[in-house]
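Asks: Have a look; sequence and predicted model below, questions after that.
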Amino acid sequence: MTIEEIQHEIVDEFSMFDDWMQRYEYIIELGKSLPIIDEKFKTEENIIKGCQSKVWVHGEEKDGKIIFTADSDAILTKGIIAVLIRVFSNQKPAAILNATTDFIDEIGLKEHLSPTRANGLVSMIKQIKMYALAFEAKN
Amino acid sequence: MLDIQKIRNDFPIFYQKVNGKPLVYFDNAATSQKPTQVIEAEANYYKEINANIHRGVHTLSQLATDAYEASRLKIQQHINAKFSHEVLFISGTTHGINLVANGFASFLKLDDEVMVSALEHHSNIVPWQMLCEKTGAKLVVIPMNENGELIQSEYERLLSDKTKIVTVNHISNALGTINPIKWMIEKAHKVGAAVLIDGAQATPHLKPDVQDLDCDFYVFSGHKICGPTGTGILYGKEDWLNKLPPYQGGGEMIATVSFEKTTYAELPHKFEAGTPNIAGGIVLGTAIDYLNEIGFDNIAAYENELLEYGTNRLLEIEGLKIYGTSNQKTSVISFNIDGIHPYDVGTIIDKLGIAVRTGHHCAQPIMDFYKIPGTLRASFAFYNTKEEIDALVQAVKKAKMMLL
């Protein structure tokens, strides 16, 4: 699926929820089920220090696509990471570079991607794009 | 007894809802809410007497200058300073600490020591680190114990004739611990060290008496005591303020200026370069009047009641741990729930209309001491109620259920 298709799918899923609590419960579930990043990638180099929560992200190339794994010490942050990974992982670098994250507004989680929130998610998206840029430049 | 409902009516912000719920504001240690009296005084200043101070002979300038200086006198009385020129208007605690730290650069030499405490806010650490880098002086840290109290025997041991200044908060922002500053000041003076007290967290709860404390500097922010943001006070003993070099150059702080030589103005103007926050300075006086009318004894008694009630109610929650358990503390409860990140709890209870602070509270060394990423901090003011504490407890329980 393309990034856009996945984003549509996620927006559809979230439209089933009536209120914030159901949305958050779902995010918490996603956070709990996120494949944890390999411990060896939880390095100082891969860490994104937010003021509130920490995020680790790692990307590697496979058949022209980038596979992302990530983790956070806060479960809500981790849940949103799971959503972002579903969107950006296993995609071609060019597609990642062209993608937007506007769908986050539509699923009612905009506040989590606010630059002032300091939970590491905005920097994580920047990091994902940096990986895409680096892999594209390499090829 | 305080009539809390009557007091709450003074605060227009409490009429609103947040995320569809009545606002429960427990982030008072970060900033206080403002009563109508303060908000209107600020508007009235601009409506009626706005003019630049200490400059014009015209009527408005005179009115503004009189109001500004009247506020200085009011604050002098409030903190019991000996002279009004020992009371400097500044933009806030951070500004005041930087002003003093910067001035000390001209007194310090290699191997002198600057003593801070493990309980400090970053704003009472970083300016001193910068000073040490500049001068080659050494930063010495008074350690803390598990209860969040400074270890006084260690403090005594660390003091020596190398100690040039001790800088410590009156009350810890992250944990609420009240430090025995009068005793600490006396000890520092015995070795000839100056003492700066960061009173940012104390002034909302008590009235400091700078002569009784005998501190050399006492600094606090206006916005934490119902006053406007961008206001604050640095008290300094006359001798010290005369010795310290000016921090910023500009208008207002000079006696004469020529390209060959400038002479500085007398205190307090030597430290008040440029057009200050005139409205803010005046209205800070209004805020202090407001608090004194309620009475600091009444405020302290009621806040202690909230602290005790809040502590007991929160401890009903299984797995909840409170950081900062000194028997000398103000109405601040810093806590975590076992196995849950404070950011997660803070986010969910915000959805339930409850405002607390989450994170390291600009006091990372304290979090490192406890080996935690941060805490949730509920800080109560005199306008809060036990019903609001009940709502907090309910919300934390709900968050715990969702997150565990």
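Replies: Received it, and whenever you're ready, just let me know what you need.
Asks: check contacts around A:Gly23.
Replies: You called it Gly, but residue A:23 is Arg. Shown in contact with A:Arg23 (CB atoms under 8 Å, 6 or more residues apart in numbering or on different chains): A:Phe14, A:Phe17, A:Ile107, A:Gly108, A:Leu109. From N, CA and C alone the C-beta is placed, and that goes for glycine too.
Asks: Make a PyMOL selection of the buried ones in the residues you listed.
Replies: The following PyMOL line selects those of the contacts of A:Arg23 that are buried, judged by 16 or more other CB atoms under 10 Å in any protein chain shown:
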select buried, chain A and resi 14+107+109
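Asks: Could you work out the most separated pair of the contacts of A:Arg23?
Replies: A:Phe17 and A:Leu109 (11.4 Å; CB to CB).
Asks: For chain A, which residues are neighbours of chain B?
Replies: Within reach of chain B by CB under 8 Å from any CB of the partner chain, chain A has these residues: A:20-21, A:24-25, A:28, A:51-54, A:73-77, A:118-119.
Asks: which among those residues end up buried?
Replies: Neighbour-count burial (16+ other CB under 10 Å) applied to the residues of chain A next to chain B gives A:24, A:28, A:51-54, A:73-77, A:118-119.
Asks: So for the lowest-mean-pLDDT helix or strand in chain A, what gets flagged as buried?
Replies: Across the helices and strands of chain A, mean confidence by mean pLDDT, DSSP states H and E is lowest for strand A:47-49: a mean of 79. Applying a neighbour-count criterion of 16+ other CB under 10 Å, one finds A:Ile48 buried in strand A:47-49.
Asks: for that strand, packing partners?
Replies: The elements that strand A:47-49 packs onto, with contact taken as 3 or more CB pairs under 8 Å, 6 or more residues apart in numbering or on different chains; DSSP states H and E, are strand A:54-62, helix A:121-138.
Asks: check contacts around the residue of chain A found nearest chain B.
Replies: In chain A, the residue that lies nearest chain B is A:Ala74 (3.9 Å; CB to the nearest CB). Counting by CB under 8 Å, 6+ apart, A:Ala74 touches A:Gln52, A:Ser53, A:Lys54, A:Asn119, B:His341, B:Tyr343, B:Asp344.
Asks: Which two of the residues you listed have the greatest separation?
Replies: A:Lys54 and B:Asp344 (13.0 Å).
Asks: hey, where'd the helices end up in the stretch 151-300 of chain B?
Replies: Per DSSP state H, counting those that start in this stretch, the stretch 151-300 of chain B carries helices over the ranges B:152-158, B:181-190, B:210-213, B:238-243, B:278-294, B:296-315.
Asks: Which other helices and strands does the fifth one contact?
Replies: Where contact means 3+ CB pairs under 8 Å, 6+ apart, helix B:278-294 is packed against helix B:36-44, helix B:59-79.
Asks: now the angle from the first one to helix B:278-294?
Replies: In terms of direction (axes from the mean of the first three to the mean of the last three CA atoms, to 10 degrees), helix B:36-44 departs from helix B:278-294 by 160 degrees.
Asks: what's the angle from helix B:36-44 to helix B:59-79?
Replies: 150 degrees.
Asks: contacts for helix B:36-44?
Replies: B:10-12, B:226-228, B:279-280, B:282-283, B:286-287, B:289-290.
Asks: Out of those, who's the most crowded?
Replies: B:Gly227 (30 neighbours; other CB atoms under 10 Å in any protein chain shown).
Asks: wait, what's in contact with that one?
Replies: Counted by CB under 8 Å, 6+ apart, B:Gly227 has contacts B:Lys34, B:Val38, B:Gly280, B:Val283, B:Leu284, B:Thr286, B:Ala287, B:Ile288.
Asks: ok, 7 Å please
Replies: B:Val38, B:Val283, B:Leu284, B:Ala287 (CB atoms under 7 Å, 6 or more residues apart in numbering or on different chains).
Asks: Check the gap between the residue of the stretch 51-200 of chain B found nearest chain A and B:Asp198 for me.
Replies: The minimum distance from the stretch 51-200 of chain B to chain A, using CB to the nearest CB, falls at B:His122 (11.5 Å). Using CB to CB, to the nearest Å, B:His122 is found at 11 Å from B:Asp198.
Asks: ditto for B:Asp214
Replies: As judged by CB to CB, B:Asp214 and B:Asp198 stand 16 Å apart.
Asks: Please consider this matter closed, and thank you.
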